[in-house]
Structures are given as structure tokens and as C-alpha cells.
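S.K.: dropping the sequence and predicted coords here.
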Amino acid sequence: MSETASTSKVNDIYQEIYRLGLTDDEKTTLYAFFTNNPDKKSEAEKAFTYFEDERVLA
């Protein structure tokens, strides 16, 4: 299996946002939020890693 943003142990929140298939406005809003709230960015990256490890995300 090739390694993608969703299978990487260290997730980049910006890649994960892109992968979710959101609208451009939704992506822009999230990019701005995480740029302005780096502590939340770190928490979200940890959550994606947890979900991946627990196979919660499809």
C-alpha cells in the first residue's frame, strides 16, 4: 500500500483538509483557523493519527 496523507504517521492537517473533499470556502476557512490557532492544529493532527490508528476513518 502506498503512503498517503491519510496513512502517514505524522499527519499534515493541510493535507488532511484537502483529502476531505470540502468546498474551496470550507477549506479556506479551516486553513485560516489552523494558521491562526497553531495549538489547535497540533491537536487536530494528533486526532487524525489516532483515528487512523484505530481505523475509524475510512
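M.R.: Structure's in. What do you need?

S.K.: run a quick neighbour tally on Y14.
M.R.: 16 (other CB atoms under 10 Å). Any C-beta I mention is one placed from the backbone N, CA and C, and that applies to glycine too.

S.K.: would you map the helices across this protein?
M.R.: 13-19, 24-36, 38-53 (DSSP state H).

S.K.: turn these into a markdown table, columns for mean pLDDT.
M.R.: Formatted as a markdown table, the helices of the chain follow (pLDDT from 0 to 100):
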| stretch | mean pLDDT |
| --- | --- |
| helix 13-19 | 87 |
| helix 24-36 | 94 |
| helix 38-53 | 80 |
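
S.K.: from the ones you listed, which stretch is densest packed?
M.R.: Sort those by mean neighbour count, taking mean count of other CB atoms under 10 Å, and helix 13-19 sits at the top with a mean of 17.

S.K.: counting contacts, what elements does it pack onto?
M.R.: Packing contacts for helix 13-19, counted by 3 or more CB pairs under 8 Å, 6 or more residues apart in numbering; DSSP states H and E, involve helix 24-36, helix 38-53.
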